[in-house]
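Trainee: I'd like to go over a predicted model; first the sequence, then the structure.
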Amino acid sequence: MNKVEHTNADNNKKSLNFIEAIVEKDLAEGKNDGRVQTRFPPEPNGYLHIGHAKAICIDFGIAERYNGVCNLRFDDTNPIKEDVEYVESIKENIKWLGFEWGEIYHASDYFQQLWDFAVQLIKEDKAYIDEQSAEEIAKQKGTTSKPGTNSPHRDRPIEESLELFEKMNSGDLPEGAMVLRAKIDMAASNMHMRDPIIYRIIHTPHHQTGTTWKAYPMYDFAHGQCDYFEGVTHSICTLEFDVHRPLYDWFIDQLADSEYRPHQYEFNRLNLTYTMISKRRLLELVQNNLVSGWDDPRMPTLVGLKRRGYTPESIRNFVDRIGYTKYDGMIDLALLEHSIREDLNTKTARVSGIIDPIKLIITNYPDGKTEMMQTINNPEDESMGTREIAFTKELYIEREDFMEDAPKKYFRLTPGREVRLKSAYIINCAGCKKDDNGNVVEVYAEYDAQTKSGMPESGRKVKGTIHWVSVPHSVNAEVRLYDRLFTVEDPANAKDQNFKDLLNPDSLKIIKNCKLEDYLKNAQPGDSFQFQRNGYYNVDIDSTPDNLVFNRTVPLRDSWTKNK
Ligand code: ATP
Ligand code: MG
């Protein structure tokens with residue numbers, strides 16, 4: 001579980017994953033009349049996360065690839081935790097990733113059919129009402145090495161169970177008063193087959209069915225049957241459901257009256273280093289105000305990743321790379337970051353953004369003169385064209401691009417040495433001015449008019465190139481620098497489960513008064529750019545024309561791998 005995979009399916013990208021291989025075999029054998037039908041079954045109890053993206057890509061991907069259909073099914077069997085707010089965001093997320101569902105269903109659409117099926121099981125003496133408490137039932141469960149013991153209610157008359165089942169749904173009984181259990185085998189080696197609970201009483205109104213029902217089916221009693229009612233052929237889920245499969249099949253055995261049967265297949269869930277992937281735990285982060293909301297750009301939710309600047313393509317490419325297997329593992333967060341870098345590299349314009357500005361005065365450049373410098377928007381994509389950037393006597397550069405006493409290998413600005421100003425001139429540094437505390441406040445240099453970028457004489461070799469912004473042509477911006485949210489590699493399994501101690505205190509740094517070239521002043525929320533020599537940034541939804549706000553999606557280089 002702790003072994004981190006750095007890359008995975010990259011080298012055999014073209015071969016089929018094991019699920020595709022199963023589908024192709026079924027098609028070749030003419031199963032299901034050549035039909036392929038899948039479903040994506042989220043429980044609407046939170047926002048979707050990057051793990052769900054992995055499930056979405058296989059559920060919808062299989063349907064797309066084999067001319068089938070993938071339906072969206074809200075697995076809404078537990079009204080206590082569910083909400084319509086989540087339903088809407090789940091739909092938006094799926095569309096955003098670029099997938100289309102066939103129909104929208106709800107497990108609750110089948111509450112009547114499930115009820116009828118439960119009644120059928122009781123009549124066939126395959127289910128009974130148990131009035132014991134949850135604790136008593138748990139005690140009789142046995143262990144993996146010891147069989148369970150039968151409930152004293154196991155052999156109660158069928159008529160009595162039918163009556164009590166009606167009562168469970170009447171609203172007259174308190175929650176927990178009784179449950180309906182399938183009568184299978186208390187000695188079964190698979191614990192899930194030891195008379196599992198299939199119905200319980202819940203009084204909370206349901207967001208789809210209101211107060212119609214008081215007795216609700218358990219997940220295991222709903223999932224496979226919904227698959228069957230809808231005609232699902234391949235029911236794909238994560239590995240932890242592997243042990244539920246015999247029960248899934250047992251219910252289908254009782255239900256199916258034709259050749260057709262849905263089959264469940266399990267793949268490894270996504271675990272990412274330094275990331276918590278669980279709706280329940282993410283909800284805790286939100287509720288305890290440890291993040292600003294579900295769409296906090298540090299969250300692994302799809303709304304969070306989108307706000308951070310991740311594209312649907314980058315997420316789909318990432319999922320493609322990690323692949324689908326039958327064993328659990330941990331994926332390096334660096335791989336996700338690599339995917340977004342790769343995508344934004346081809347899509348974004350290179351711009352100048354100075355995060356920690358210091359003034360540079362070109363002492364021999366005429367006062368009041370403005371020159372427009374040509375620059376290529378994206379060297380990876382000629383069709384993105386060129387633009388002009390204003391050059392003047394007063395510029396902003398990054399503070400870290402100047403050093404007064406620099407070592408020999410420092411190829412940036414230091415007295416007596418030359419650097420090129422990107423798309424402009426070669427300059428020679430003359431020195432700096434400091435305040436009373438010894439802080440550098442201004443840097444001075446002279447430019448060589450013969451070295452303008454693109455001029456034939458400009459062939460002179462200088463080791464370093466730095467970026468800059470003209471002071472009178474700059475705009476202010478707030479920049480939000482994000483880092484991983486957790487300090488430990490596997491926060492979900494950390495010994496200390498107290499979130500506060502696991503969180504990275506430096507996961508968000510807000511920097512005000514950054515200086516950007518004025519080309520960015522009309523940038524709209526969601527627009528992405530490469531701040532050259534620095535990283536990829538996008539405009540946050542908090543941004544306004546008077547107060548630009550940028551998120552750092554990802555730095556240009558992975559600084560963590562180096563630090564390890
Ligand atoms: P969580 O534990 O985060 O609440 P869940 O499994 O309860 O997740 P559901 O809404 O029930 O969430 O899941 C919908 C589908 O997404 C299921 O098929 C589930 O197996 C899949 N899924 C959930 N988490 C992951 C993950 N980390 N990696 C891959 N698939 C996942
Ligand atoms: Mg779930």
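Mentor: Now that the structure is in, tell me what you want to look at. Ligands and ions are numbered 1, 2, ... in the order given.
Trainee: which bits of the chain sit near ligand 1?
Mentor: The chain comes close to ligand 1 at residues 41-43, 51-52, 54-55, 75, 237-238, 269-270, 277-280, as judged by C-beta under 6 Å from any ligand atom. The way it works is simple: take the backbone N, C-alpha and C, and place the C-beta from them, glycine included.
Trainee: and the residue nearest to Lys452 when sequence neighbours are not counted, what's its pLDDT?
Mentor: Using C-beta to C-beta, 6 or more residues apart in numbering and skipping residues adjacent in sequence, the residue nearest Lys452 is Tyr425, 5.8 Å away. If you check Tyr425, the pLDDT there is 96.
Trainee: contact partners for Tyr425?
Mentor: Contact analysis of Tyr425 by C-beta atoms under 8 Å, 6 or more residues apart in numbering lists Ile362, Phe391, Tyr447, Asp448, Ala449, Thr451, Lys452, Ser453.
Trainee: just the closest residue of the chain to ligand 1, please.
Mentor: For the chain and ligand 1, the shortest gap (C-beta to the nearest ligand atom) falls at Gly51, measuring 2.2 Å.
Trainee: now do the helices in the protein.
Mentor: Taking DSSP state H, the helices of the chain run over residues 18-28, 50-65, 84-97, 111-123, 134-139, 158-168, 219-230, 245-255, 279-287, 302-308, 312-322, 333-347, 499-502, 559-563.
Trainee: against Thr301, how distant is Pro505?
Mentor: From Pro505 across to Thr301, the span is 21 Å (C-beta to C-beta, to the nearest Å).
Trainee: let's see the pLDDT reported for Ala9.
Mentor: For Ala9, the predicted pLDDT is 45.
Trainee: ignore what I typed, I meant Glu85.
Mentor: Looking at Glu85, its pLDDT reads 86.
Trainee: what does Ser258 give?
Mentor: Confidence score, pLDDT, at Ser258: 87.
Trainee: can you report how many residues neighbour Asp83?
Mentor: 14 (other C-beta atoms under 10 Å).
Trainee: tell me the contacts of it?
Mentor: Shown in contact with Asp83 (C-beta under 8 Å, 6+ apart): Pro44, Asn45, His207.
Trainee: got the phi/psi numbers for it?
Mentor: Backbone geometry at Asp83, expressed as degrees, to the nearest 10, gives phi -150, psi 150.
Trainee: from the contacts of Asp83, which has minimum pLDDT?
Mentor: Minimum pLDDT across these falls on His207, with 88.
Trainee: excluding its backbone neighbours, what's nearest that residue?
Mentor: Leaving aside its sequence neighbours, His207 sits nearest to Val84 (C-beta to C-beta, 6+ apart; 5.3 Å).
Trainee: and what of Ile22?
Mentor: Tyr265 (6.3 Å).
Trainee: also Ile129?
Mentor: Computed as C-beta to C-beta, 6+ apart, the closest residue to Ile129 that is not its neighbour in sequence is Leu164, at 4.1 Å.
Trainee: ok, Phe251 next?
Mentor: In this structure, Phe251 finds its nearest non-sequential neighbour in Gly224, 5.2 Å apart by C-beta to C-beta, 6+ apart.
Trainee: got the contact list for that neighbour?
Mentor: Ser235, Tyr248, Asp249, Phe251, Ile252, Pro262, Gln264.
Trainee: low-confidence stretches in this protein?
Mentor: Scanning the chain for pLDDT under 70 picks out 1-14, 456-459, 559-564.
Trainee: rerun that using 90 as the cut-off
Mentor: Scanning the chain for pLDDT under 90 picks out 1-15, 78-85, 207, 257-259, 453-463, 492-501, 557-564.
Trainee: and the closest residue in space to Ile50 that isn't next to it in sequence, how far from Tyr47?
Mentor: Excluding the flanking residues, the one nearest Ile50 by C-beta to C-beta, 6+ apart is Pro300, at 4.8 Å. Pro300 sits 10 Å away from Tyr47, taking C-beta to C-beta as the criterion.
Trainee: any common contacting residues for the two?
Mentor: Both Pro300 and Tyr47 are in contact with Leu282, where contact means C-beta under 8 Å, 6+ apart.
Trainee: burial of Asp496, as a residue count?
Mentor: Residue neighbour count, defined by other C-beta under 10 Å, stands at 10 for Asp496.
Trainee: about what we covered before: residues contacting the residue of the chain closest to ligand 1?
Mentor: Taking C-beta under 8 Å, 6+ apart, we find Gly51 in contact with Arg269, Leu270, Asn271, Ile277, Pro300.
Trainee: which of the residues you listed are buried?
Mentor: The neighbour count (16 or more other C-beta atoms under 10 Å) marks Arg269, Leu270, Asn271, Ile277, Pro300 as buried among the contacts of Gly51.
Trainee: need the contact partners of stretch 123-132.
Mentor: 118, 121-122, 137, 140, 151-156, 158, 160-162, 164-165, 168, 177-184, 195, 197-198, 254.
Trainee: how about that stretch: buried residues?
Mentor: Neighbour-count burial for stretch 123-132, with 16+ other C-beta under 10 Å as criterion, is recorded at Ala127, Tyr128, Ile129, Asp130, Gln132.
Trainee: among those, which are in strands?
Mentor: Ala127, Tyr128, Ile129, Asp130 (DSSP state E).
Trainee: check the gap between the third one and Glu166 for me.
Mentor: Ile129 sits 10 Å away from Glu166, taking C-beta to C-beta as the criterion.
Trainee: just give the nearest non-adjacent residue to Pro246, would you?
Mentor: Closest to Pro246 by C-beta to C-beta, 6+ apart is Asn190, at 5.2 Å.
Trainee: dump the residue contacts of the one you found.
Mentor: Val243, Pro246, Leu247.
Trainee: who wins for neighbours among these?
Mentor: Highest neighbour count within the contacts of Asn190, by other C-beta under 10 Å: Leu247, with 22 neighbours.
Trainee: in this structure Arg417 contacts Asn428, no?
Mentor: Yes - with contact defined as C-beta atoms under 8 Å, Arg417 reaches Asn428; the gap is 7.3 Å.
Trainee: Glu446 touches Ile362, doesn't it?
Mentor: Yes - with contacts counted by C-beta under 8 Å, Glu446 reaches Ile362, the gap being 7.0 Å.
Trainee: which residues does Tyr310 contact?
Mentor: Taking C-beta under 8 Å, 6+ apart, we find Tyr310 in contact with Ile340, Thr553.
Trainee: where do the contact lists of Glu446 and Ile362 overlap?
Mentor: Common neighbours of Glu446 and Ile362 are listed as Ile427 (criterion: C-beta under 8 Å, 6+ apart).
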